[in-house]
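> sequence and predicted structure, then a few things I'm wondering about:
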Amino acid sequence: MKTLNRFAALGALALAFGLSGCKQQDAAILVTIQGPFIIPTNADKLILDCTENGTVLLRKTFTLTAATPLPQTVTYVEGPGDHPHVKFNALLYKTDTLVGRGTVEADFTAGKTANVTVDVTTQ
Amino acid sequence: MNQLPRALIGLALAVLAALPARAAELQYRAENKNLEEARSLVGKARYEQALEELQLAETLPGNTNRHIADIGALKATALLGLGVNPERRQQAIEALVSMFHVDPEGTALSNASEDAKALAAQLKAERALLLHDRLVTVRTGRPLRLKARLVGAKAGDVQVFAHYLTEPEGGAQDAKAIAALTDPEQFVKVQLEASGANAYEVYLRPGVGGVPADGEHVIRYYLEAVGAGGVVLDANGSATQPIRVQLSATRAEGAGVGGADNVVVALDEGGHVAHPPPPPPPPPPWYQNWKIVGPIGVVVVAVAVGTIIAVQPKPQPASGTLGTVTLP
């Protein structure tokens, strides 16, 4: 009986150890950018800003080609910082001329991937 | 959602199915099979059989003026074709006179034999014939014009009279009234005025002398040419066999052989329309009127097709990916 209790205790320890090694999925947001633009005829550059409380957390610039027509997705991972509520601003350019704009707000939820869509409309 | 376009298509098909098939034209044509048979037999010179058929043809109700004229011409042809003797010649003359009374121009002679034509020409030259385009239908409320001309007789002291009688509205209802229809004393007598060489005419005016002013009525009449001493030279119709004219507010007017055939009013012995022309077809209900249903059907089909197209799921372009970024 004592032997059985010993094995049980060891198993529980092993399980606790194993579980401690599993990392929970990072909070993420899948942002889809869509709009009535023919790429690259009508637009060839996308600037995507992720802002929090009016402050740009991250600006990413993408060159759009025939190989990357709309819609396109960008996955944002919350990262080490705590950003519960963010806003995405999408700016679409054609040879440095703003041709489209769109925005969407989203929340990072721990362990989940949220899906949001930015509808870029013509200027 | 997919049920809606199907329902619309079904509705459109139902509407299109209701489109009227083109209605066959209704054409009234009075037929006298015995007359046609007689015509055929005369063509084959089988005159005795032709006369038998003509005798039957004469007795059939519903003969038009054209039928009567054709019967007269064929009868004269058949009689003269059998070989001339006084009796047959007299019968042929009577047949031709009957023909002329309904067919003043003798158009029915076009199919008669040369002998019959010659006898007809002789009659017209020698015998007093009161020729008249018999009225068949006239429009109520208009003056009724009776015209006649006298051929084959010296004009001289000839007077032409019309005798007419208006049938009671709704027809004669009792024996007395029926008997009155053929009683010469009941007929109103008016004299036709000379309107040219051997030509005479008179107007029977609505509301005057018992001539109805409106509605549907029947007038029976006959004409007489009276010579010196009151001798009746010829009569077109008689009190017992009057000419019947329909006063109508709706029917087309017609007279004579061609006119009578056009308006197709034939009378049986009772003076009733034997082969009444078919009434005009009633207007089709709106859902069978292609002028209404056609555009509606087109619109319904167009809406159905448009709806089908509109509700089709649009192919969504597959999303590409620009990558993953991690926020600071």
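Thanks, I have the structure now.
> now do the contacts for the residue nearest in space to the middle of chain A.
Nearest to the geometric centre of chain A sits A:Tyr76, at 2.0 Å (C-alpha atoms, centre = their mean). A:Tyr76 sits next to A:28-31, A:50, A:58, A:86, A:88, B:324-327 when contact means C-beta atoms under 8 Å, 6 or more residues apart in numbering or on different chains. All C-beta spots, glycine's among them, are computed from the backbone N, C-alpha and C.
> and if you look at B:Phe161?
With contact set as C-beta under 8 Å, 6+ apart, B:Phe161 has these partners: B:189-192, B:223-224, B:226.
> ok, it to chain A distance?
Taking C-beta to the nearest C-beta, to the nearest Å as the criterion, B:Phe161 is separated from chain A by 97 Å.
> mind listing the strands the helix or strand in which that residue is found pairs with, and their directions?
Secondary structure from DSSP states H and E places B:Phe161 in strand B:159-166. On the basis of DSSP bridges, the sheet neighbours of strand B:159-166 come out as strand B:188-196 (antiparallel), strand B:217-226 (antiparallel).
> the following helix or strand past the last one: which residues count as buried?
Counting by DSSP H and E, the next helix or strand C-terminal to strand B:217-226 is strand B:232-236. Within strand B:232-236, the residues that qualify as buried by neighbour count (16 or more other C-beta atoms under 10 Å in any protein chain shown) are B:233-236.
> ok, those residues vs A:Asp44, which is closest?
B:Asn236 (104.1 Å; C-beta to C-beta).
> and the closest one, what does it touch?
B:Asn236 makes contact with B:101, B:130-132, B:134, B:148, B:222-224, B:243, according to C-beta under 8 Å, 6+ apart.
> dihedrals phi and psi, the closest residue to A:Thr63 other than its chain neighbours?
Of all residues not flanking A:Thr63 in the chain, A:Lys45 sits nearest, at 6.0 Å (C-beta to C-beta, 6 or more residues apart in numbering or on different chains). Backbone torsions for A:Lys45, taken as degrees, to the nearest 10, come to phi -150, psi 140.
> sorry, back to before: among the strands paired with strand B:159-166, which is nearest B:Gln55?
So among the strands paired with strand B:159-166, strand B:217-226 is nearest, using C-beta to C-beta, at 24.1 Å.
> quick one: work out the angle between that closest one and strand B:232-236.
150 degrees (axes from the mean of the first three to the mean of the last three C-alpha atoms, to 10 degrees).
> enumerate the residues of chain A near chain B.
Contact residues, chain A versus chain B (C-beta under 8 Å from any C-beta of the partner chain): A:32, A:34, A:46, A:50, A:57-58, A:60, A:62, A:67-81, A:83, A:86.
> quick check on these: which are buried?
Counted by 16+ other C-beta under 10 Å, those give A:32, A:34, A:46, A:50, A:57-58, A:62, A:68-74, A:76-79, A:83, A:86 as buried.
> how about the residues of chain B by chain A?
B:317, B:319-328.
> need the max-distance pair from these.
Within the residues of chain B next to chain A, B:Pro317 and B:Pro328 form the most distant pair, 32.2 Å apart (C-beta to C-beta).
> low-scoring stretches of the chain, by residue?
Just going to use chain A. For chain A, the stretches flagged by pLDDT under 70 are A:1-24.
> that was the other one, I meant chain B.
For chain B, applying pLDDT under 70 flags the ranges B:1-30, B:153-156, B:169-174, B:251-279, B:314-317.
> 50 instead, please
Within chain B, the segments meeting pLDDT under 50 span B:1-2, B:15-29, B:259-272, B:274-275.
> strands of that one, residue ranges please.
Using DSSP state E, the strands of chain B run over B:129-131, B:135-139, B:144-151, B:159-166, B:188-196, B:199-204, B:217-226, B:232-236, B:243-248, B:254-255, B:320-326.
> in JSON lines: these, plus distance to B:Thr59.
Shown next, in JSON lines, are the strands of chain B (distance: least, C-beta to C-beta, whole Å):
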{"stretch": "strand B:129-131", "distance to B:Thr59": "25"}
{"stretch": "strand B:135-139", "distance to B:Thr59": "21"}
{"stretch": "strand B:144-151", "distance to B:Thr59": "28"}
{"stretch": "strand B:159-166", "distance to B:Thr59": "25"}
{"stretch": "strand B:188-196", "distance to B:Thr59": "31"}
{"stretch": "strand B:199-204", "distance to B:Thr59": "31"}
{"stretch": "strand B:217-226", "distance to B:Thr59": "21"}
{"stretch": "strand B:232-236", "distance to B:Thr59": "21"}
{"stretch": "strand B:243-248", "distance to B:Thr59": "18"}
{"stretch": "strand B:254-255", "distance to B:Thr59": "24"}
{"stretch": "strand B:320-326", "distance to B:Thr59": "99"}
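> which one of those strands is the most hemmed in?
strand B:129-131 (a mean of 25; mean count of other C-beta atoms under 10 Å in any protein chain shown).
> so what touches that one?
B:97, B:100-101, B:104, B:123, B:148-153, B:160, B:223-225, B:233-236.
> the residue of the stretch 101-250 of chain B found nearest chain A: neighbour count?
With C-beta to the nearest C-beta as the measure, B:Thr250 is the residue of the stretch 101-250 of chain B nearest to chain A, at 68.0 Å. Using other C-beta atoms under 10 Å in any protein chain shown, the number of residues around B:Thr250 comes to 10.
> in stretch A:95-108, what's buried?
By 16+ other C-beta under 10 Å, the buried positions in stretch A:95-108 come out as A:99-102, A:104, A:106, A:108.
> mind listing what B:Leu60 touches?
Counting by C-beta under 8 Å, 6+ apart, B:Leu60 has contacts B:32, B:34.
> fine, thanks again, bye for now.
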